[in-house]
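what would the 3D arrangement of this be:
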Amino acid sequence: MDSSSSSSASQQRLASVLSASYIDADIRNALAVLDTRFVENTAETRRQLRVNVQGDVIRGNAQIVRDFALVAEQLTQIGSALDSMNDVVSSMRARTALASAETAPILEESSQLLAQKKAVEDKQVLLAAFTKHFTVSEDDIVLLTSSAEPVDDRFFRVLQNVKRIHTDCQVLLASGNEKVGTEIMDEMVKHLHAAFQKLFRWVQRELKTLSLENPQVNSGIRRALRVLAERPTLFQNCLDFFAEARQKILLDSFYTAMTGSTHGTAVDYHIDHATKPIEVYAHDPLRYIGDMLAWLHSTAVGEQETLEVLFVAQEGEDGVQKMSILGGFEESLKSDLMAEDEAFGWDARRGLVLLVDKNLETVCKPLKARIEQAIASQESSTLTYKLTNLINFYRLTFQRLFGEDSNLLATTQNLHDSALRQFYSTLQDHVRSVKSDLPQAPTNLAPPMFLQDALKELTLLMKSYDTSLAPLESREDGFAKILDSALDPYLEGCVELSRELQKPDGDVFSLNCLHVAKSALEPFEFTARRVEKLQEQIAHHVNILVDYELDFFLQQSGLHPLLQTLSEWEAKPTGHPPFTPTSLQQASEKLDDFLPSALMDARATLNRLSSPQFLDEITAKAAEEFTHNFARVEEAVIDTMGGNEGEAEDMRRFWPRTVDEVTVLLN
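Down below sits the predicted model:
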């Protein structure tokens, strides 16, 4: 049992040794240590291996004990030092606590003093800021209110500062400081009133000596006007003063342009003394009125351009970009449209237009009187209509430049209406003179002279209207009334003349008149509807003449009795044929006599038609209708023949003509 156990242990150890991997790092290190201990591998060294190893271990442990003894000694010294330090710290802590107890009242008093100092400094800063923000220095007040001081950039800066203070006082009122806010606001209002009065007097003085002909207008005036516009009453007074002066200047300029001499003051405005007066050289009414309206347009545009320099700030000037400075003026003229009292925010261009319109108000009265007098003296409808179109051209021009509410537009509109009334009155006078003494229709049935003269005049009117500025979408409607007055009465006179003529002369005469009227209207686009109406009337008379020619063909050819018999037989059919050999023979003989000269005879009845096209059309349609009627008779003849060949030959002997033969002869 023991031997087997020992043998088993040896086997296990041997198996363990044999199964060990000698490439393992630990085994290799162990082998390397053993290799350093054995100088030689003998049985003695192998027996002493354990003893040597244990001796080495004992010696190493002894060395470790000695080293720890030294460490313990040093730790003891450190502990003694720490105890000494604790004693010192305790002593210092006690002294510090005593010092703190003694200095605590002093530190508390010092903190209170520092807090009081900080509060005083904050109040000083706040007082300084309040004083700077809500007060104005004495020098600035003198600059703002004294008339001896100039109106320059400093004045406007101080004025802006006072307005800012006045606005900011609302913050004081809202924060509960009503008394201070009210006092400061009252003081600022007083300063502002004095400043605006000073500015108002200064602007008036500058406007007295202002020359708009100088392209370099003082920018200070523009700035002053922008500021003064915040007081509409003062601003309006300045503009009224300015407008009154401009009205006198422009009125004198008008009289100078008309007669060469001024009417009132001797101030020249855009006057070229080398140019002859309008009343001297413009004897033609068209040129006379055109030159006056051209002068008015040129003056209005020139006035607008020069006033823009004064009243409209250019982009970038003083940091302002197209600021409205005419708000007060427009407020005065359009107070019923104002929803607020702000002077800014209005369209400066629109206010400028109103000012130009007001400046030219005095010029419009004598100009209108002269033009109305020139219009009333005209007896030619063509010239009056040219004057109407000329005035309408300037009316549309002023409408684009100055809008719907301008006095210039109203003036030209009244002139246009007056010219139009004179034009229609002239037309009506001429119509009455023609209708009161209508001549007889010409023997050649050509259009009468009064119609030809009316069409010549109408052609001139249409050419004038075609070159006018009438809107494209309403051109036809705009000219319709003129056609009603300048064409329809003459066509009605032609209708009255045609009623006195026998057939077909009345329709030939009407067709000639309608044709010449249609030819006159066709070249113009705005007469399209009237041309269509005339074409309908022409077609009506053409159909009447076609019926007349057809009746001529039927009567002259002998076909009319056969058609009448056929119609009666078709109404009450019987067993007897509608035609007899005798009736067919008589009709056939008359037809043979008619056909060779049928077309020439038919044309002879309508030879007074002015248009060969109408003559050909009417003759062709009548011949075609005649052919259809002949075919109807021939069909009845064939039906009468039936199936009896002998009877058919007899009937064909009495009726030899066929439809094809008649068609060839009539073509």
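
ok now the strand or helix carrying residue 306, how far from the chain's centre?
Element membership for residue 306, per DSSP states H and E: helix 285-311. In terms of CA atoms, centre = their mean, to the nearest Å, the centre of helix 285-311 is set 26 Å apart from its chain centre.

quick check: mean pLDDT across that helix?
Mean pLDDT, helix 285-311: 86.

what does stretch 160-176 give?
Across stretch 160-176, pLDDT averages out at 78.

before we move on, back to that, tell me what the helix holding residue 306 is packed against?
Helix 285-311 sits against helix 219-228, helix 232-259, helix 278-281, helix 348-359, helix 361-376, helix 381-402, helix 407-436, with contacts defined as 3 or more CB pairs under 8 Å, 6 or more residues apart in numbering; DSSP states H and E. Every residue, glycine included, has its C-beta placed from N, CA and C.

closest one to residue 632 among those?
helix 407-436 (47.7 Å; CB to CB).

in the closest one, what's buried?
407-412, 414-416, 418-420, 422-424, 426-427, 430-431, 434 (16 or more other CB atoms under 10 Å).

ok, now stretch 96-116?
For stretch 96-116, a neighbour-count test (16+ other CB under 10 Å) marks nothing as buried.

start the count at 61, not 1, going forward
New numbering, starting at 61: the last item is stretch 156-176.

kindly export it (C-alpha atoms) in CSV.
Output of stretch 156-176 as CSV, limited to C-alpha atoms (Å, rounded to 0.1, in the frame of the first residue of the first chain):
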residue,chain,number,x,y,z
THR,A,156,-5.7,84.6,15.9
ALA,A,157,-9.1,84.0,17.5
LEU,A,158,-8.2,86.7,20.1
ALA,A,159,-7.2,89.1,17.3
SER,A,160,-10.4,88.4,15.3
ALA,A,161,-12.5,89.1,18.3
GLU,A,162,-10.8,92.4,18.8
THR,A,163,-11.0,93.6,15.1
ALA,A,164,-14.5,92.4,14.2
PRO,A,165,-16.3,95.7,15.1
ILE,A,166,-13.7,97.7,13.2
LEU,A,167,-14.2,95.5,10.0
GLU,A,168,-18.0,95.8,10.2
GLU,A,169,-17.8,99.6,10.5
SER,A,170,-15.4,99.6,7.5
SER,A,171,-17.8,97.5,5.4
GLN,A,172,-20.6,99.9,6.1
LEU,A,173,-18.5,102.9,5.1
LEU,A,174,-17.5,101.2,1.8
ALA,A,175,-21.2,100.5,1.0
GLN,A,176,-22.1,104.1,1.7
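
for it, the averaged confidence score.
When pLDDT is averaged along stretch 156-176, the result is 87.

show me what contacts residue 263?
Residue 263 sits next to 281, 284-285, 288, 298 when contact means CB atoms under 8 Å, 6 or more residues apart in numbering.

of these, just the buried ones, PyMOL syntax please.
Selection of the buried residues among the contacts of residue 263 in PyMOL, burial being defined by 16+ other CB under 10 Å:
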select buried, resi 281+284+285+288+298
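
out of the contacts of residue 263, who's nearest residue 242?
Of all the contacts of residue 263, residue 242 sits closest to residue 288, with 26.9 Å by CB to CB.

contact partners for the closest one?
The contact partners of residue 288, taken as CB under 8 Å, 6+ apart, are 256, 259-260, 263, 294-295, 298, 388.

buried ones among these?
Using 16+ other CB under 10 Å, the buried ones in those are 256, 259-260, 263, 294-295, 298, 388.

find the pair from those residues with maximum spatial separation.
Using CB to CB, the buried ones among the contacts of residue 288 span at most 13.1 Å, a distance reached by 259 and 388.

quick check: the residue most central in space within the chain vs residue 354, distance?
Compute the mean C-alpha point of the chain, and by CA atoms, centre = their mean the closest residue is residue 460, 12.9 Å away. Noted for residue 460: a distance of 16 Å to residue 354, by CB to CB, to the nearest Å.

check residue 143 too.
Residue 143 sits 122 Å away from residue 354, taking CB to CB as the criterion.

next one: residue 428
Taking CB to CB, one finds residue 428 at 15 Å from residue 354.

ok, residue 444 next?
Taking CB to CB, one finds residue 444 at 19 Å from residue 354.

please identify which of the two sits among more neighbours.
Neighbours per residue (other CB atoms under 10 Å) separate residue 444 from residue 354, with residue 444 holding more: 23 against 14.

which ones are touching the nearest residue to that one once chain neighbours are set aside?
Distances taken as CB to CB, 6 or more residues apart in numbering put residue 483 closest to residue 444, at 4.3 Å, once the chain neighbours are dropped. When contacts are counted by CB under 8 Å, 6+ apart, residue 483 touches 441, 444-445, 448.

start and end of stretch 268-285, how far apart?
14 Å (CA to CA, to the nearest Å).

rounded mean pLDDT for that stretch, please.
Averaging pLDDT along stretch 268-285 gives 68.
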